[in-house]
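[1] next come a sequence and a model predicted from it.
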Amino acid sequence: MGIMDFIKGQFIEVIEWLDDKGVLVHRFEAYDNAIKMGAKLVVRESQAAIFVNEGQLADVFGPGTYTLSTQNMPVLTALKSWKYSFNSPFKADVFFVNMTNFTDLKWGTTNPVIMRDADFGMVRIRGFGNYSVKVGDPAIFLKEIFGTKKEFTTDSITGFLKTIIVSSLSDLLGESKIPIADLSSSYDELGVQSTERLQPKFEAIGLKLTSLTIENISLPEDVEKMIDRRSSMNVLGNMDNYMKFQTAEAIRDAANNEGSGGAGLGAGMGAGMAMGQMMGQMFQPNAAANANANAMQQQAQQQQQTQPAVVPSSGDAGIACSNAQCGHLLQPSEKFCVECGSPRAQKRFCTQCGHELSATAKFCSDCGSKA
């Protein structure tokens, strides 16, 4: 083997790149960047190979296998000023560009975006989702973004792309004037419109935005609580009906109070009639329904008036309230009347015979002694 054969053996004869895990651009490793004229260039599907001579972009190769020569390297041949098909070894940087679609890249708002809503006024919103991108023009991407680095991954550019996406999407949301309550039903449409709007910006740096998905647009916690409160009040149609419903609930609870004794029974019957009248007004707002409800209310009042009055007693049912005008029966555990607040009347006994006296008795009904 002569010295020339040894020197020729030092030149690259096969140029290819296999590893592409998350890598957008890879610079081919070659000792002193020396490439043998006539070497094989293997460019696989979803790849592109770019030759750069002394910092100047030369030839671009798509998928296929090439034998490097002056015939299929016209730009580099012109830069090198080769004449008469002179096939000498040459030096050049070779970059492989990954042309596959990079999916599931994340975007999200770092800080809340302020927007104006017709229902809630000025609100702060946050959003996140994912997008897919690929190299559209390897030459432009190499000039605008990559430069002369050894390797370039998606992590090196996702921060820049996220900023572009969030800025454009915020602008789109402000222009669309979609109410916050309706945003969740417009995610697909907003994603398509965002992709169309962002495409020129991506193409300017040699990329192509293939898809953009909005997963969620959220509101501050206090605004979400406000929405929940409004939904609760509107469940029956309007505020008036909501207040009527709350009143009916309160009357029912009072009627079901076991501590009210016999008076609670009468109140419960009245509450039932009143609640029926209010429910009729809520769910039958027409004139005929209102007339029926008024008739039911009058009938309930008549029934209450014809009911026998509850006579207070001191038996097992309870002790009569000390206020004669109240008439409520106190249970053994009650120290004050739950109806009028009067203190519980203390039991009195005859000092001579021990007979129980009423609250107003002046003489014992059993032995006649003075109380």
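    Everything's here; your move. Residues are numbered from 1 along each chain as shown.

[2] contacts for the helix or strand hosting Phe141 next, please.
    Element membership for Phe141 (DSSP states H and E) is helix 138-141. With contacts defined as CB atoms under 8 Å, 6 or more residues apart in numbering, helix 138-141 is touched by 24-25, 48, 50, 57, 60, 97, 99, 135, 204-207. In this view, the C-beta of every residue, glycine as well, is placed from N, C-alpha and C.

[3] next: stretch 70-82.
    Counting contacts by CB under 8 Å, 6+ apart, the residues touching stretch 70-82 from outside are 37, 51, 53-54, 56, 58-59, 66, 85-88, 90, 92.

[4] can we see that at 7 Å?
    Stretch 70-82 is contacted from outside by 51, 53, 56, 58-59, 66, 85, 90, 92, using CB atoms under 7 Å, 6 or more residues apart in numbering.

[5] can you pull the phi/psi pair for the closest residue to Tyr131 other than its chain neighbours?
    In this structure, Tyr131 finds its nearest non-sequential neighbour in Leu212, 4.4 Å apart by CB to CB, 6 or more residues apart in numbering. Backbone dihedrals for Leu212, given as degrees, to the nearest 10, come out at phi -140, psi 130.

[6] and what of Glu221?
    Per degrees, to the nearest 10, the backbone of Glu221 is at phi -60, psi -40.

[7] and Pro220, how many neighbours?
    Pro220 has 13 neighbours, counted by other CB atoms under 10 Å.

[8] surely it is in contact with Arg126?
    No - the criterion here is CB atoms under 7 Å, and Pro220 misses it with Arg126 at 8.5 Å.

[9] re the thing from before, mind giving me the ChimeraX select for the contacts of stretch 70-82, buried ones only?
    Buried residues among the contacts of stretch 70-82 (16 or more other CB atoms under 10 Å), as a ChimeraX selection:
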select :51,53,58,59,66,90,92
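
[10] between the contacts of stretch 70-82, which sits nearest Ala118?
    Closest approach to Ala118 among the contacts of stretch 70-82 (CB to CB): Gln56, at 56.2 Å.

[11] just checking, Arg116 touches Leu173?
    No - judged on CB under 7 Å, Arg116 makes no contact with Leu173 at a distance of 10.3 Å.

[12] more crowded one of those two?
    Leu173 (21 against 10).

[13] which helix or strand contains the more buried one?
    Counting by DSSP H and E, Leu173 is part of helix 158-176.

[14] which positions in whichever helix or strand comes after that helix come out as buried?
    Moving toward the C-terminus from helix 158-176, the next helix or strand (DSSP H and E) is helix 187-203. Across helix 187-203, burial judged by 16+ other CB under 10 Å covers 187, 190-191, 193-195, 197-198, 202.

[15] equivalent analysis for stretch 38-58, please.
    39, 41-43, 47-53, 57-58.

[16] ok, those residues vs Glu13, which is closest?
    The closest of the buried residues of stretch 38-58, once distances to Glu13 are taken by CB to CB, is Ala39, at 4.7 Å.

[17] doesn't Ile15 make contact with that closest one?
    Yes - using CB under 7 Å, Ala39 makes contact with Ile15 at a distance of 6.1 Å.

[18] give me the local confidence score for Gly276.
    On the pLDDT scale, Gly276 is placed at 55.

[19] what of Ser186?
    So, for Ser186, pLDDT stands at 88.

[20] show me what the longest strand along the chain pairs with in its sheet, parallel or antiparallel.
    Using DSSP state E, we find that the single longest strand of the chain is strand 121-135. In the sheet, strand 121-135 lines up against strand 102-108 (antiparallel), strand 113-117 (antiparallel), strand 207-218 (antiparallel) (DSSP bridges).

[21] before we move on, the earlier item: what comes up buried for the next helix or strand after the helix holding Phe141?
    With elements assigned by DSSP H and E, the helix or strand that comes after helix 138-141 is strand 151-153. For strand 151-153, a neighbour-count test (16+ other CB under 10 Å) marks Phe152 as buried.

[22] mind listing the helices for the protein?
    With helices called from DSSP state H, the chain shows them at 3-9, 74-80, 138-141, 158-176, 187-203, 221-233, 239-255, 261-283, 287-306.

[23] measure Phe202 to Trp82 for me?
    37 Å (CB to CB, to the nearest Å).

[24] tell me the confidence at Gly262?
    49.

[25] should've said Thr100
    90.

[26] got it, and Met273?
    58.

[27] next: Val23.
    88.

[28] list the contacts for it?
    98, 151, 153.

[29] redo that, cut-off 10 Å
    17, 96-98, 102, 151-154, 156 (CB atoms under 10 Å, 6 or more residues apart in numbering).

[30] would you turn these into JSON lines with distance to Lys162?
    Listed next are these as JSON lines, based on distance: CB to CB, whole Å:
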{"residue": "Trp17", "distance to Lys162": "28"}
{"residue": "Phe96", "distance to Lys162": "26"}
{"residue": "Val97", "distance to Lys162": "22"}
{"residue": "Asn98", "distance to Lys162": "20"}
{"residue": "Phe102", "distance to Lys162": "14"}
{"residue": "Glu151", "distance to Lys162": "21"}
{"residue": "Phe152", "distance to Lys162": "17"}
{"residue": "Thr153", "distance to Lys162": "15"}
{"residue": "Thr154", "distance to Lys162": "11"}
{"residue": "Ser156", "distance to Lys162": "13"}
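
[31] buried ones among the residues you listed?
    Counted by 16+ other CB under 10 Å, the contacts of Val23 give 17, 96-98, 102, 152 as buried.

[32] just to revisit the earlier point, and for Pro220 and Arg126, which residues touch both?
    Joint contacts of Pro220 and Arg126 (CB under 10 Å, 6+ apart) are Pro112.

[33] ok so, going back, give me the angle between the helix holding Leu173 and helix 187-203.
    Using axes from the mean of the first three to the mean of the last three CA atoms, to 10 degrees, one finds that helix 158-176 and helix 187-203 are set 130 degrees apart in direction.
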